[in-house]
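Student: This is a predicted model, with the sequence first.
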There are 2 protein chains.
Amino acid sequence: MNSQKTLRVGMLGCGVVGGEVARLIIANQKDLTARSGAQLDLVKIGVRNLARPNVAKELLTADLDSIVKDTNIDLIIEVIGGIEPAKTLILEALKNGKSVVTANKALLAKHGAELFAAADKGGVDLYYEAAVAGAIPILRPLRESLVGDHIQRVMGIVNGTTNFILTKMDESGAAFSDALAEAQALGFAEADPTADVEGFDAAAKAAILAGLAFHSRVTDSDVYREGITKITDTDVAVAKSLDLVVKLLAIAELTNEGKISVRVHPTLISRSHPLASVREAFNAVFVESESAGAMMFYGRGAGGAPTASAILGDLVAVARHRVSGGLGPRESDYADLGIAPMGSTKTRYLIRLDVADRPGVLAAVAQTFAKHDVSIQTVRQTGRGDNAELIVMTHKATDAALASTVSDLSSLDAVKDVASVIRVEGMST
Amino acid sequence: MNSQKTLRVGMLGCGVVGGEVARLIIANQKDLTARSGAQLDLVKIGVRNLARPNVAKELLTADLDSIVKDTNIDLIIEVIGGIEPAKTLILEALKNGKSVVTANKALLAKHGAELFAAADKGGVDLYYEAAVAGAIPILRPLRESLVGDHIQRVMGIVNGTTNFILTKMDESGAAFSDALAEAQALGFAEADPTADVEGFDAAAKAAILAGLAFHSRVTDSDVYREGITKITDTDVAVAKSLDLVVKLLAIAELTNEGKISVRVHPTLISRSHPLASVREAFNAVFVESESAGAMMFYGRGAGGAPTASAILGDLVAVARHRVSGGLGPRESDYADLGIAPMGSTKTRYLIRLDVADRPGVLAAVAQTFAKHDVSIQTVRQTGRGDNAELIVMTHKATDAALASTVSDLSSLDAVKDVASVIRVEGMST
């Protein structure tokens, strides 16, 4: 290549992911140049704490604002995470005509529309493959490869921490608290695990996936969210006995009424479902579309190197556009579909009840389901002295009907406890 | 959108895939317009036989050349397949400034360089996601999502016919000929199954995958090819007893010497490998890269609707470029890596020998392996009257060393027959 173009890159943040991105930009400069058509020079890294032993001192600055205002910088990588100051900095960068690559799912799920509008106005790219499922190429397939198809459903294991915990519970019979402690000891869960175990992280990703799949604007506040903290070792054991496994799934699907049902909750799936074999901290996204049928994308969902791989892929893409003209696809929200209320969402359910072991109890329980039009597929009763455990698998019913059923069951004299209610997916009826 | 742009589409060929593409372009016009930014009008379809009951008569023409020369046509879809007349027609279309979407793996694997050069010269796009693994987005992830990473190995089940046959042999113990007959009866294999069962189809796809993964020019003639016609029910049963499964894999990997080993052959993999659970006519591509680690892409590899999904995704992409400027990534062959001779390729092997059951035979066999520096991992001997069956699993050895070993084994007095030699992949040593 003659008259090599040079593009100058500024990075906001330099934690585990940022450090790896910086290392790779320098180590792989030749390849990145050949692949993007421009020499990519990392010229500034903005960090709060300037003590970074693995990064050349002269690159570091504590003045992050100076990076997004630097007229010599062409491309920005944002790996600070969180809402502020990331949002203000990215908006400023886009306004100043810099393309931005970010891994910030929380920000995109909350303020995506504002950011995409700013990218449009600035005539620049905003890329974010690393925001969902780390290294797994999933956003580009959804927004480019499958753009000629009609996606019907996306179901993903998009949070490695919770999948690690649920895998441990499934494979060793551990209680939630012990599995969480193991995940923390191994660095798969943070000291405050709330964002992961309560499903906030997965909900942000669900919003991003739903928006891309259904060409509509979906934010984190549209996502129904339920974490895994109430899943017990008994739930996991019962699931196992039924050849099912508990996974925390991010689900986005088109309802029969043409709305988007988008939710994150513990979900029972058959052990023969492709998602069932996704173990430990791995991620996978299962996509069903009208023409292409069922697909699955599997790989590492987090970690410095995998996330850096996704960021560098985006960096080459936005650099290419700088060199040869054009821009990536803009936000696509033309379909403008509404969000289905959770109450109208239909799934199957597995309900575990502690009941008195005496005649007429099963009839009373069955009547309660029937009253709310919830059809029972199977019932298993196990005696326990004076009590019995009833395990009920339903056919598909709305969330509202199921909630009313559970409420009525709780007030039945013979029902000591509604021990658990878990949704079941991946089966047809 | 105001002042809607219209792009006129011509299609070459109208078989199972083309018919579905035509139907979807018309049925989904609103969505395709919103997603591409242009109204896509299918204006001409070139076919040899004009009797096409499902396509509007006025679209059909037997003069295919008139389509690629029509100055009113902007985009061409090629679904004729084969080398000629597809090659001449595509070159003419590219020369005339039309972007082309094709599913033609055979043509790309043989004449890719010439076609890409013509696209470059014409300043237009040449897209071909449907050429490998049907509906599964794999080419775009390789050439865009992973462009900032270093891919080390690609292993794919990219031929549905052979995977269907091998699945039947594995699950029911059927002989190759019976499984082939079943595949033919169900429409999964053609009357003349040569292209599939002898690995020609997979070899074309292997060449395309290798070229993209390693940024080098790879053609079908670079691919070592071995089909599945010699795989017996005994091979499959022995594999099963060792917790292995036989798959026809397309493999492209970077050798320690920085060359590309690219090959298609029956391969034994562990039943716990993600590719092992890919059944029947499904396809999957397993990718290992430096930063992202292991990934797998799974879905339908063939059929009218899945292939049409990939073609329409490409059609929207090339239409977008027409509307908003820019072009997709060009051919990337800067790395210019050489092809490793098959003799230098290292894998493990499972060798099945019929030997005389007498003292000293195992020693003679073991000595023959040792003479060629092929290290044995395990040997299993089963008596059969005067004869015995020896099943030898080796550590990694070069193909050349293994071939010499087999040749020497054949000439040993005590060896009645080298019943089979199958390569083993997906294990580390």
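Tutor: Done, it's in.

Student: Residue A:230 is in contact with residue A:422, isn't it?
Tutor: No. Shown here, residue A:230 and residue A:422 do not form a contact pair, counting by C-beta atoms under 8 Å, at 9.4 Å. C-betas here are computed from N, CA, C, even on glycine.

Student: can you tell me which residues contact the residue of the stretch 201-350 of chain A found nearest chain B?
Tutor: Chain B sits closest to residue A:326 of the stretch 201-350 of chain A, with a gap of 1.3 Å, by C-beta to the nearest C-beta. Residues counted as contacts of residue A:326 (C-beta atoms under 8 Å, 6 or more residues apart in numbering or on different chains) are B:321, B:324-327.

Student: Weed out the non-buried ones from these.
Tutor: B:321, B:324, B:326-327 (16 or more other C-beta atoms under 10 Å in any protein chain shown).

Student: what's around the residue lying closest to residue A:336 once chain neighbours are set aside, how many residues?
Tutor: Sequence neighbours aside, residue A:216 is the residue nearest to residue A:336 in space, at 5.7 Å (criterion: C-beta to C-beta, 6 or more residues apart in numbering or on different chains). By other C-beta atoms under 10 Å in any protein chain shown, the residues close to residue A:216 number 20.

Student: Could you do residue A:63 as well?
Tutor: Around residue A:63 there are 9 residues (other C-beta under 10 Å).

Student: hang on, the earlier thing: so which helix or strand takes in the residue of the stretch 201-350 of chain A closest to chain B?
Tutor: If you go by DSSP states H and E, residue A:326 is not part of any helix or strand.

Student: Distance-wise, check it relative to residue A:140.
Tutor: 15 Å (C-beta to C-beta, to the nearest Å).

Student: same deal with residue A:211?
Tutor: Taken as C-beta to C-beta, the span from residue A:211 to residue A:140 is 15 Å.

Student: Look at these two and report which has more neighbours.
Tutor: residue A:211 (28 against 23).

Student: tell me the secondary structure for that one?
Tutor: Under DSSP: H, G, I helix; E, B strand; the rest coil, the three-state class of residue A:211 is helix.

Student: show me what contacts residue A:377?
Tutor: A:348, A:393-395, A:429.

Student: Check residue A:94 too.
Tutor: Residue A:94 neighbours (C-beta under 8 Å, 6+ apart): A:100, A:115, A:118-119, A:121-122, A:124, A:126.

Student: and which of the contacts of residue A:326 is nearest chain A?
Tutor: For these, the nearest to chain A is residue B:326 (1.3 Å; C-beta to the nearest C-beta).

Student: Let me see the backbone angles for the closest one.
Tutor: The phi/psi pair for residue B:326 (degrees, to the nearest 10) reads phi 90, psi 170.

Student: Please narrow the contacts of residue A:94 to those residing in strands.
Tutor: The strands, defined by DSSP state E, take in A:100, A:126 from those.

Student: Filter the contacts of residue A:94 down to just the buried residues.
Tutor: Looks like the contacts of residue A:94 have A:100, A:115, A:118-119, A:122, A:124, A:126 buried, using 16+ other C-beta under 10 Å.

Student: And for stretch A:396-416, what's in contact with it?
Tutor: In contact with stretch A:396-416 (C-beta under 8 Å, 6+ apart) are residues A:342-349, A:351, A:353-356, A:358, A:360-361, A:364-365, A:368-369, A:371-375, A:387, A:394, A:418, A:421, A:429.

Student: Now go through those residues and say which are in strands.
Tutor: A:346-349, A:351, A:353-356, A:387, A:394, A:418, A:421.

Student: From those, list just the buried residues.
Tutor: So, by 16+ other C-beta under 10 Å, the buried ones in the ones in strands among the contacts of stretch A:396-416 are A:346-349, A:351, A:353, A:355, A:394, A:418, A:421.

Student: residue contacts, the closest residue to residue A:119 other than its chain neighbours?
Tutor: Take residue A:119 and drop its neighbours on the chain: the residue closest to it by C-beta to C-beta, 6+ apart is residue A:126, 3.9 Å away. Going by C-beta under 8 Å, 6+ apart, residue A:126 touches A:90, A:94, A:99-100, A:102, A:115-116, A:118-119.

Student: can you pull out the helices in the stretch 251-400 of chain A?
Tutor: A:304-324, A:361-371, A:399-410 (DSSP state H, counting those that start in this stretch).

Student: ok and the last one relative to strand A:346-356, angle-wise?
Tutor: Yep, that's helix A:399-410 we're talking about. 0 degrees (axes from the mean of the first three to the mean of the last three C-alpha atoms, to 10 degrees).

Student: before we move on, back to that, among the ones in strands among the contacts of stretch A:396-416, show me the least confident.
Tutor: Among those, residue A:387 has the lowest pLDDT, at 91.

Student: and that residue, how far is that from residue A:355?
Tutor: 7 Å.

Student: now the helix or strand bottoming out on mean pLDDT in chain A: how far from the chain's centre is it?
Tutor: Least confident element among the helices and strands of chain A, by mean pLDDT, DSSP states H and E: strand A:376-384 (a mean of 91). How far strand A:376-384 lies from its chain's middle: 34 Å, per C-alpha atoms, centre = their mean, to the nearest Å.

Student: Next, the buried residues of it.
Tutor: So, applying 16+ other C-beta under 10 Å, strand A:376-384 has no buried residues.

Student: on that earlier part again, need the helices of the stretch 251-400 of chain A in JSON lines with mean pLDDT, can you?
Tutor: What follows is the helices of the stretch 251-400 of chain A, written out as JSON lines (pLDDT from 0 to 100):
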{"stretch": "helix A:304-324", "mean pLDDT": "96"}
{"stretch": "helix A:361-371", "mean pLDDT": "95"}
{"stretch": "helix A:399-410", "mean pLDDT": "97"}
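
Student: mind checking which of the ones you listed is nearest residue B:183?
Tutor: Minimum separation from residue B:183 across the helices of the stretch 251-400 of chain A (C-beta to C-beta) falls at helix A:304-324, 37.6 Å.

Student: Output the set of residues of the stretch 201-350 of chain A in proximity to chain B.
Tutor: Within the stretch 201-350 of chain A, the residues that sit near chain B (C-beta under 8 Å from any C-beta of the partner chain) are A:215, A:274, A:277, A:289-300, A:305-306, A:308-317, A:320-321, A:324-327, A:329, A:332, A:334-335.

Student: what are the ranges of the helices in the stretch 51-200 of chain A?
Tutor: Under DSSP H, counting those that start in this stretch, the stretch 51-200 of chain A gives helices at A:64-69, A:86-95, A:105-122, A:139-140, A:160-172, A:176-185, A:194-197, A:200-214.

Student: Tell me which of the ones you listed sits most buried.
Tutor: helix A:200-214 (a mean of 27; mean count of other C-beta atoms under 10 Å in any protein chain shown).

Student: Who are the packing partners of that helix?
Tutor: helix A:105-122, strand A:151-157, strand A:224-225, strand A:244-254, strand A:260-270 (3 or more C-beta pairs under 8 Å, 6 or more residues apart in numbering or on different chains; DSSP states H and E).
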